[in-house]
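J.: requesting a structural model of the entry that follows:
(chains A and B, ligands or ions: 2)
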Amino acid sequence: MNRSTFVKRFAAILAKEFVQMRRDRLTFAMMIGVPIMQLILFGYAINQDPRALPAAVVAAEATAFSRSLVASLEHSGYFRIDPTAYTAAQAREKLARGELMFIVTIPSDFTRTLERGERPALLVEADATDPGATGGALAAVVQAANTALAHDLTGPLARLASGPDPFEVRVHRLYNPEGVTQYNIVPGLIGLILTMTMVMMTSLAMTRERERGTFENLLAMPVRPMEVMFGKIVPYIFVGLVQVSVIIVVGRYLFGVPLVGSLTMLSGILVIFIAANLTIGFTFSTIAKNQLQAMQMTFFFFLPSILLSGFMFPFRGMPGWAQAIGEIFPLTHFLRIVRGVMLKGSTWAEVQPEVWPLLAFMGVAMIVAMARYRRTLD
Amino acid sequence: MNADLRADPAITVRGLNKSFGALHAVRDVSIEVRRGQICGFLGPNGSGKTTTIRLLCGLLTPDSGEGHCLGFDILRESAAIKREVGYMTQRFSFYEDLSIRENLRFVARMYGVPRPSRVVNETLERLGLTKRQKQLAGTLSGGWKQRMALAACILHQPQLLLLDEPTAGVDPKARREFWDQIHQLAGEGLTVLVSTHYMDEAERCNTIAYLDTGRLLAFGSVGDIIRTSGLTTWHVDAPDPIALAADLRRQAGIAMVAAFGSTLHVSGPDSVALSTALAPYRRDSSLRWTESHPGLEDAFIALMERNRATGAVAA
Ligand SMILES: Nc1ncnc2c1ncn2[C@@H]1O[C@H](COP(=O)(O)OP(=O)(O)O)[C@@H](O)[C@H]1O
Ligand SMILES: [Mg+2]
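T.: Numbering: from 1, shown residues only, chains lettered A, B, ... in the order given. Ligands and ions are numbered 1, 2, ... in the order given. Coordinates of the predicted model:
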């Protein structure tokens, strides 16, 4: 082999690759689109040290101290204080639903006990399902309480300021007291793995028929689009359920991840979540021209799903627009459900607000799929 | 379906048109095929055979035109047509990772055939596939694939078979057997529309449709086609056919010279002009001339060349 034939053949293949690349518009768009999407998501939406987490202060009566506490908690940047005056029970319900991540409770006799120099306790309850999200914020609570107190320790209380901490901050890490990361990751992985495999499997469903030439035969037969869609989707529901069983069992025995809530209810919701992912995959497969494009669409769906759903980064720590986009993805809602059921023992009443978005997503995807499904070769 | 409709033609379409972008793939095609007939679709590659077949079974929507297939409107009742038609695609389109039996069972269930297992068994038997029923379709050779595809097309007892180049790349013996099957099916009352490039197959059809550049150039029996071509043909045995052919092609009045071994088929559209052109060669004692009839192939080529010449003028 001499060098000039090497260059010629190399150049021939090079030229061919460029021509093929140019023909495949979607691939080209993906190559530009993916980096842009990643830059925007990582640059603006993702926050490694999440701030502005939803919190509420529960105080028996509005005192000067409670007002200063709210102000300094907000000032720390870690919290966004819900201004509603919740009762303890209301606040705990919000925490269970994941709408609040922290509750700071000021006991009714806090000021009096403080005056007596008896070191009252400030109670902080944190949703610790995601230990990474709560760590920084919990440290900030103590800081904020001290600042608030320093502001208020005037007049007769000023003497307390110079002594040791005049009160204690008692932190309850709910749902995951030891802060085990796996408790958060394993349920999350159920959603992640299902999203990846289910969307991919069905996105190849129609494109494979088209590439192998079996599509024309399928079209020539008296079969309705709905029948094709359900026939293609249902087998993978079983595949998905097998995957979930494996993850739950392994998570249980290797990492001790609990399943506090109802397995039956979780299974029912899993079927809906799996079906939602399969439907979007099927929708992709009615749009993609070949299997490569189907894979790319899957990836384009998967990427924001993991980044904006709260799997990788705390959902409540993202800016409002990113949360709004995140609400679209089934994974976002499923993560709340699965973490709720497995770690918090959530009941149907608590998770059902997250189930409707899954059904709505599935419905829209089905409508698009049926509109896109071609009954002819035109 | 009542008796009146049975007497109707299986296919009647008028003025079918189909374009893909700027490409006019099917132009004003009108055909009529009676029930129980075998209609051959011929024409060079890209002439619109596949497109026409797809228009007939509702896989493509015509841009204009109308007609009926088995008494159903091709525009509005394609679902009903699909139930009564067996369509064998040009490219093998069954599941290569399923066995013959599994493919047939799938097809039987798609058409809602009652007692699918029994029907599959009977069909396997009929086409001699029983021994191979467990073999994966992807591992079959061309002839067996085509047999399996035919089995899949007749499983649901259709009234019309649309076969798109079913014998392309199949050996002569398998082709012969395939056509015997087709004749048997036609004998049972099935209408068959089959596209092919083989002349011997064309001659086994009741009617022939000849397409070129999307136009239907001729439609009728073999004799009709040869008559429409208007050709006169002479055969000549020559010691040096190649040189003679080159010589003859230069003469006015001679449209086609084709070599078959040492025999040349010399044809022209005008018999008087052809005779005049051949007169000097007839006197050459080394050549043996016989007046003959043009073959189907000669007719097709003549039709095609005339179409291309007038098409070029029109365009
Ligand atoms: N889906 C399509 N899109 C664009 N052009 C097509 C399509 N199908 C067929 N054609 C073109 O239409 C013409 C007729 O094709 P076809 O009906 O397949 O011819 P045949 O079967 O006689 O070989 C060809 O030029 C072909 O390239
Ligand atoms: Mg064709």
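
J.: which residues of the stretch 101-250 of chain B fall in helices?
T.: B:116-126, B:142-154, B:172-187, B:199-203, B:222-229, B:241-249 (DSSP state H, counting those that start in this stretch).

J.: where in the stretch 1-150 of chain B is pLDDT low?
T.: Residues of the stretch 1-150 of chain B that meet the criterion pLDDT under 70 lie in B:1-7.

J.: flag every residue of it that's near chain A.
T.: Neighbours of chain A within the stretch 1-150 of chain B, by Cβ under 8 Å from any Cβ of the partner chain: B:54, B:57-61, B:79, B:82-83, B:85, B:87, B:89, B:91-96, B:107, B:110-111. Every C-beta, even on glycine, is put in place using the N, C-alpha and C of the backbone.

J.: rerun that using 7 Å as the cut-off
T.: Contact residues, the stretch 1-150 of chain B versus chain A (Cβ under 7 Å from any Cβ of the partner chain): B:54, B:57, B:59-61, B:79, B:82-83, B:87, B:89, B:91-95, B:110-111.

J.: write a PyMOL command that selects only the buried members of those residues.
T.: Applying 16 or more other Cβ atoms under 10 Å in any protein chain shown to those, the buried members can be selected in PyMOL as follows:
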select buried, chain B and resi 54+57+59+60+82+83+87+89+92+93+94+95+110+111
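
J.: which of the residues of the stretch 1-150 of chain B next to chain A fall within helices?
T.: Using DSSP state H, B:R54, B:A79, B:K82, B:R83, B:M110 are the members of these that sit in helices.

J.: can you classify A:V364 by secondary structure?
T.: helix (DSSP: H, G, I helix; E, B strand; the rest coil).

J.: residue contacts, it?
T.: Residues near A:V364 by Cβ atoms under 7 Å, 6 or more residues apart in numbering or on different chains: none.

J.: determine the number of other residues adjacent to the residue of the stretch 151-300 of chain B found nearest chain A.
T.: Here the stretch 151-300 of chain B gets closest to chain A at one residue, B:A152, 8.2 Å apart by Cβ to the nearest Cβ. Per other Cβ atoms under 10 Å in any protein chain shown, the neighbour tally for B:A152 reads 28.

J.: kindly report the same for the one 5 residues further on.
T.: By other Cβ under 10 Å, 13 other residues sit near B:Q157.

J.: so how far is B:R101 from it?
T.: Per Cβ to Cβ, to the nearest Å, B:Q157 is found 19 Å from B:R101.

J.: nearest residue to the residue of the stretch 251-378 of chain A at minimum distance from ligand 2 in space, please, no chain neighbours.
T.: Nearest residue of the stretch 251-378 of chain A to ligand 2 (Cβ to the ion) works out as A:L377 at 12.7 Å. Of all residues not flanking A:L377 in the chain, B:L59 sits nearest, at 5.1 Å (Cβ to Cβ, 6 or more residues apart in numbering or on different chains).

J.: next up, the contacts around the one you found.
T.: B:L59 neighbours (Cβ under 7 Å, 6+ apart): A:E216, A:L219, A:A220, A:T376, A:L377.

J.: would you agree the fourth one is in contact with B:T61?
T.: This means A:T376. Yes: applying Cβ atoms under 7 Å, one finds A:T376 in contact with B:T61, separated by 5.8 Å.

J.: circling back: can you tell me which of the helices of the stretch 101-250 of chain B is most buried?
T.: When these are scored by mean count of other Cβ atoms under 10 Å in any protein chain shown, the highest mean neighbour count falls to helix B:142-154 (a mean of 21).

J.: show residues contacting it.
T.: By Cβ under 7 Å, 6+ apart, the residues outside helix B:142-154 that reach it are B:86-88, B:92, B:94, B:100, B:103-104, B:107, B:123-124, B:127, B:129, B:132, B:137, B:140, B:161, B:166-167, B:169-171, B:174, B:178, B:181, B:185.

J.: what's the angle from it to helix B:116-126?
T.: Interaxial angle of helix B:142-154 relative to helix B:116-126 (axes from the mean of the first three to the mean of the last three Cα atoms, to 10 degrees): 140 degrees.

J.: how far off centre is helix B:142-154?
T.: Remark: helix B:142-154 is offset 17 Å from the chain centroid, using Cα atoms, centre = their mean, to the nearest Å.

J.: and the residue of the stretch 201-350 of chain A at minimum distance from ligand 2, what helix or strand is that in?
T.: Nearest residue of the stretch 201-350 of chain A to ligand 2, counting by Cβ to the ion: A:E216, 11.7 Å away. Take DSSP states H and E as the rule and A:E216 turns out to sit in helix A:214-220.
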